[in-house]
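> what follows is a predicted structure for the sequence shown.
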Amino acid sequence: MTAVAPPRTPVAAARRRPGAMARAPQDSPAGVWTYVFLALTMLFAAFPLYWMFVIATSNDEALAKLPPAVIPGDRFMTNVNEVFSLQDVYFAASLVNSVIVSSVVTASVLFFCSLAGFAFAKLRFKGSNALMVFVVLTLTVPNQLGIVALYIVMGKLGWNGTLLAVIAPGLVTAFGVFYMRQFIVNTVPDELIESARVDGATTMRVYANIVLPAIRPALAVLGLLSFVATWNEFQWPLITLSGTDFPTSMVAISDLASGNYVIYRRVLAGAFLATIPLLVMLFIGGRQIVRGIMEGAVKS
């Protein structure tokens, strides 16, 4: 009897051809439409920021033009000087306050969340799973539900009207704990920690010398997300810093937009200035963000 050869599959044919290898999806070259779609998406995302800069460099008439103005003007420094010179806005102080608050909150979140994530991921103690479930469940509670209680607590402590009232509620976040826990579980092997224990390393030394170097990409992601979220926080700073002379940047921008007659070139000039630190952070940590997201999504 004559043997019947099995049908040749594309993979088998590729293996039989000399020098041919199966191509992974991520190795496939991008087509023209892919670049067109990415370019349109980038333009759509960047246009609001660009138009904000256009109005910030123009006069009052530019906002009412039809079609809208798309070419920057020559009044940017004039508008910026008006923003900084307004007596009741304290815009310069607000930028300094936002830097202080965002930096302190970010540093605290990185330390406490990574330490708590390490404990939940690698330390064995009674009730750890129940506590982790409780931490995750707190993510489902809207922050607005605790505003009244938080204001009362800060009043009892005498912190209302100060930056401490803005800093304290954000020193640790449930999302940060959960994110660090998941990243450490997938990145730091138990064998490495056990070998360090055999060598006499304490828990804090394991955390400092083994865990922290391994989770640097995740720390970069969490740090940037925390800085941006704290910088953009508006409701709680508006409530607790109301009537003070040292608001945050978002509160100062709202003061620019208050009144019977709003001068939008000033508002958008202030908004553009408040956006610059975030753009710098994204530019500096962009690669670390992508690396941290990819390493967190794929288990090694």
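Structure received. Numbering: from 1, shown residues only.
> quick one: the residue nearest the centre of the chain from residue 160, how far?
Central residue check for the chain by C-alpha atoms, centre = their mean: the C-alpha nearest the mean position is that of residue 225, 1.7 Å away. Distance, residue 225 to residue 160, by C-beta to C-beta, to the nearest Å: 27 Å. Using the backbone N, CA and C atoms, a C-beta is placed for each residue, glycine as well.
> same check on residue 89?
With C-beta to C-beta as the criterion, residue 89 and residue 160 are 21 Å apart.
> and for residue 270?
For residue 270, the distance to residue 160 - C-beta to C-beta - is 25 Å.
> for residue 145, same thing?
Taking C-beta to C-beta, one finds residue 145 at 19 Å from residue 160.
> wait, residue 232 touches residue 253, no?
No. Contact criterion C-beta atoms under 8 Å: residue 232 and residue 253 do not qualify, at 10.5 Å.
> higher neighbour count, the two?
Taking neighbours as other C-beta atoms under 10 Å, residue 232 and residue 253 compare with residue 253 leading, 24 against 15.
> now do the contacts for that one.
By C-beta atoms under 8 Å, 6 or more residues apart in numbering, residue 253 lies in contact with 267, 270-271, 274.
> let me know the closest of the residues you listed to residue 125.
residue 274 (43.2 Å; C-beta to C-beta).
> okay, the nearest residue to the closest one once chain neighbours are set aside and residue 74: tell me how far apart.
Leaving aside its chain neighbours, residue 274 sits nearest to residue 249 (4.4 Å; criterion: C-beta to C-beta, 6 or more residues apart in numbering). From residue 249 across to residue 74, the span is 25 Å (C-beta to C-beta).
> who has more neighbours, the two?
Just comparing residue 249 and residue 74: by other C-beta under 10 Å the higher neighbour count belongs to residue 249, 28 against 9.
> show me what contacts that one?
91, 94-95, 97-98, 231, 270, 274.
> now swap in residue 250 and tell me
Residue 250 sits in contact with 98, 231-234, 237-238, 274, where contact means C-beta under 8 Å, 6+ apart.
> so which strand or helix has it?
Element membership for residue 250, per DSSP states H and E: helix 249-256.
> and whichever helix or strand comes after that helix, how far from the chain's centre?
From helix 249-256 onward toward the C-terminus, using DSSP H and E, the following helix or strand is helix 264-297. Its chain's C-alpha centre and that of helix 264-297 lie 8 Å apart, by C-alpha atoms, centre = their mean, to the nearest Å.
> what angle sits between helix 264-297 and helix 249-256?
Interaxial angle of helix 264-297 relative to helix 249-256 (axes from the mean of the first three to the mean of the last three C-alpha atoms, to 10 degrees): 160 degrees.
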